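Pasted the sequence and its predicted model underneath.
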Amino acid sequence: MPLIQLLEVLIVVGVLLWLVNRFIPMQASIKSILNGVVVIAVVLWLLNVFGLFSSLSRIHVGKG
């Protein structure tokens with residue numbers, strides 16, 4: 001994925017999250033959960049884009 005396209009996606013996600021936080025009234029707890037879910041999803045997507053997410057699936061915890 002080209003770097004420009006990656007930056008465009010991050011900017012669009014950031015602007016959409018800002019718009020939701022700014023203009024849609026909701027409780028602070030729901031807003032923080034929404035922000036957390038979006039941040040986690042973006043981090044997982046970035047790990048997948050850079051190929052680090054697939055290498056994490058080979059790590060095993062405990063006896064196996």
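Everything's here; your move. Residues are numbered from 1 along each chain as shown.

got the buried residues for stretch 26-38?
Across stretch 26-38, burial judged by 16 or more other C-beta atoms under 10 Å covers Val38. Just so you know, the C-beta spots here come from the backbone N, C-alpha and C atoms, and that holds for glycine as well.

Output that stretch in CSV with nothing but the alpha carbons.
Extracted in CSV, the C-alpha atoms of stretch 26-38 (Å, rounded to 0.1, in the frame of the first residue of the first chain):
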residue,chain,number,x,y,z
MET,A,26,-23.5,11.0,23.6
GLN,A,27,-22.3,10.1,27.1
ALA,A,28,-18.6,10.5,27.9
SER,A,29,-18.2,6.8,28.7
ILE,A,30,-19.7,5.8,25.3
LYS,A,31,-17.5,8.3,23.6
SER,A,32,-14.4,7.0,25.3
ILE,A,33,-15.3,3.4,24.4
LEU,A,34,-15.9,4.4,20.8
ASN,A,35,-12.5,6.2,20.6
GLY,A,36,-10.8,3.1,22.1
VAL,A,37,-12.4,0.7,19.7
VAL,A,38,-11.4,2.9,16.7
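
what's the model's confidence in that stretch, averaged?
Mean pLDDT, stretch 26-38: 95.

Other residues contacting that stretch?
Residues from elsewhere that reach stretch 26-38 (C-beta atoms under 8 Å, 6 or more residues apart in numbering): Val13, Leu17, Val20, Asn21.

Kindly reformat the residues you listed as JSON lines containing distance to Ser54.
Below are the contacts of stretch 26-38 laid out as JSON lines (distance: C-beta to C-beta, whole Å):
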{"residue": "Val13", "distance to Ser54": "22"}
{"residue": "Leu17", "distance to Ser54": "26"}
{"residue": "Val20", "distance to Ser54": "31"}
{"residue": "Asn21", "distance to Ser54": "32"}
